[in-house]
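**Q** Generate a structure from the sequence data that follows.
(chains A and B)
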2 protein chains.
Amino acid sequence: MASDERGERAGRPGRAEPYTLASLVEVAAQAFNERGYDATSMEDLSRAAGITKSSFYHHVSGKEALLRAALDRALDGLFGVLAEPAAVTGAPVDRLRHIVRRQVEVLATELPYVTLLLRLRGNTETERWALARRREFDQAVAGLVAEVRDDVDPVVAARLLSGTVNSLIEWYRPGRMPVADLVEAVDRQVFEGLLR
Amino acid sequence: MASDERGERAGRPGRAEPYTLASLVEVAAQAFNERGYDATSMEDLSRAAGITKSSFYHHVSGKEALLRAALDRALDGLFGVLAEPAAVTGAPVDRLRHIVRRQVEVLATELPYVTLLLRLRGNTETERWALARRREFDQAVAGLVAEVRDDVDPVVAARLLSGTVNSLIEWYRPGRMPVADLVEAVDRQVFEGLLR
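**A** Okay, the predicted model is just below:
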């Protein structure tokens, strides 16, 4: 049976809205964030997407594939930043500053996916894989922090830095403020501190 | 029936270890943090404390009373800081600095209770009460941040500040480093920033 890339939402005849794999992954990420991965069934996801369960299975093999796709999106965003020219060449402090600013942008624009990544518990193979990738990212940042400051404990400083940046998922919502302003606010606080 | 302030742990005859209300609250806070409040039964708590369920009920009326006592301990610590002389008199920047340093100490020394407070979802009356108290604390800090910096969005700055401090619960564990060093590290990063 051929799987369609687009289709109509079940139960809403006359209001044909297309859905794609990306939109199903988005629905899944939101559901996982709200109820937790373990507590969410494919039944729940089909209902949230407004399509039948069998249409859903045309697009993905199951729940874990959706989790993987959602986490991939967050990790691709973060590791994409580490590979940018401004992240790999130049003075360590400028590279670190570029990474932090771009990390904030990725958090703000890929919010449901990064939220999912940051709240993982590590109960499944896919979750443990993603947690290992996340540690890899954190270690790359910690390495740069160590190059920028040799007078502080770089592990602690890097943890505080990632704590500051990652705390955005607790209160930032799209439209809350322009992403550029958010980037400036984090950059200032992290690099210049609260003292004038 | 008179309730004893101390007793023997069930099933461990010959190894009499005293338990008190405070130690039962500690056991409860740890269990709530590990499994979640909703998923933890009085049965689970009695087992974790190593006493019988009926002994447990001599000390507390039930699960919600334990939650309340654990959250009280965190909130008493935090609000106690706001009432300290150095938090209420002096230049705003010095008051803020005192509060942040003492907040780190409370987090480090009352870790299971503050962790419980910071992970609340707000499903019960007690949880909603504690969340309201937590917002009150955050607003007091935000008010001071606004006095210290009039060139940044004080709400965003205060949220980033509390994000930095509260992220400690994710990685700090007793004995990981001296509390005084942790206080210095947070103070430096928050007030002076990563730039030299």
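**Q** Can you list the buried residues in stretch A:164-181?
**A** A:Thr164, A:Val165, A:Asn166, A:Ser167, A:Leu168, A:Ile169, A:Tyr172 (16 or more other Cβ atoms under 10 Å in any protein chain shown). The C-beta positions use only the backbone N, C-alpha and C, and glycine is treated the same way.
**Q** now swap in stretch A:77-86 and tell me
**A** Within stretch A:77-86, the residues that count as buried by 16+ other Cβ under 10 Å are A:Gly77, A:Leu78, A:Val81, A:Leu82.
**Q** show me what contacts the second one?
**A** A:Leu78 sits next to A:Gln103, A:Val106, A:Val114, A:Phe137 when contact means Cβ atoms under 8 Å, 6 or more residues apart in numbering or on different chains.
**Q** between the buried residues of stretch A:164-181, which is nearest A:Ala69?
**A** Ranked by distance to A:Ala69 (Cβ to Cβ), the buried residues of stretch A:164-181 are led by A:Ile169 at 19.1 Å.
**Q** okay, now the residue nearest to that closest one when sequence neighbours are not counted: neighbour count?
**A** Excluding the flanking residues, the one nearest A:Ile169 by Cβ to Cβ, 6 or more residues apart in numbering or on different chains is A:Thr115, at 4.6 Å. When counting by other Cβ atoms under 10 Å in any protein chain shown, one arrives at 20 neighbours for A:Thr115.
**Q** Isn't A:Thr115 up against A:Glu34?
**A** No. Using Cβ atoms under 8 Å, A:Thr115 is not in contact with A:Glu34; the gap is 10.3 Å.
**Q** Please look at A:Ala29 and A:Leu111 and confirm they touch.
**A** No. At 9.2 Å, A:Ala29 does not count as touching A:Leu111 under the criterion of Cβ under 8 Å.
**Q** So what's the model's average confidence on the helix or strand hosting A:His58?
**A** According to DSSP states H and E, A:His58 maps onto helix A:53-59. In this model, helix A:53-59 has a mean pLDDT of 89.
**Q** what's the distance between it and the middle of its chain?
**A** 25 Å (Cα atoms, centre = their mean, to the nearest Å).
**Q** which residue sits closest to the residue nearest the centre of chain A in space, ignoring its chain neighbours?
**A** For chain A, the residue nearest the mean C-alpha position is A:Val114 (1.9 Å; Cα atoms, centre = their mean). Sequence neighbours aside, A:Ala74 is the residue nearest to A:Val114 in space, at 4.6 Å (criterion: Cβ to Cβ, 6+ apart).
**Q** Could you pull up the contacting residues of the one you found?
**A** A:Val106, A:Glu110, A:Tyr113, A:Val114, A:Leu116, A:Leu117.
**Q** mind giving me TSV with those residues and columns for secondary structure?
**A** As requested, the contacts of A:Ala74 are exported to TSV (DSSP: H, G, I helix; E, B strand; the rest coil):
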residue	secondary structure
A:Val106	helix
A:Glu110	coil
A:Tyr113	helix
A:Val114	helix
A:Leu116	helix
A:Leu117	helix
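**Q** which of those sit farthest apart?
**A** Applying Cβ to Cβ across those, the maximum distance is between A:Val106 and A:Leu116, 13.4 Å.
**Q** These two: which is more packed in?
**A** More crowded of A:Val106 and A:Leu116, by other Cβ under 10 Å: A:Leu116, with 24 against 20.
**Q** do you know how far the more buried one is from A:Arg35?
**A** As judged by Cβ to Cβ, to the nearest Å, A:Leu116 and A:Arg35 stand 12 Å apart.
**Q** Check A:Tyr57 too.
**A** 20 Å.
**Q** And for A:Pro178?
**A** 31 Å.
**Q** quick one: pLDDT of the residue nearest to A:Met177 when sequence neighbours are not counted?
**A** Leaving aside its chain neighbours, A:Met177 sits nearest to B:Val156 (7.2 Å; criterion: Cβ to Cβ, 6+ apart). Confidence at B:Val156, expressed as pLDDT, is 94.
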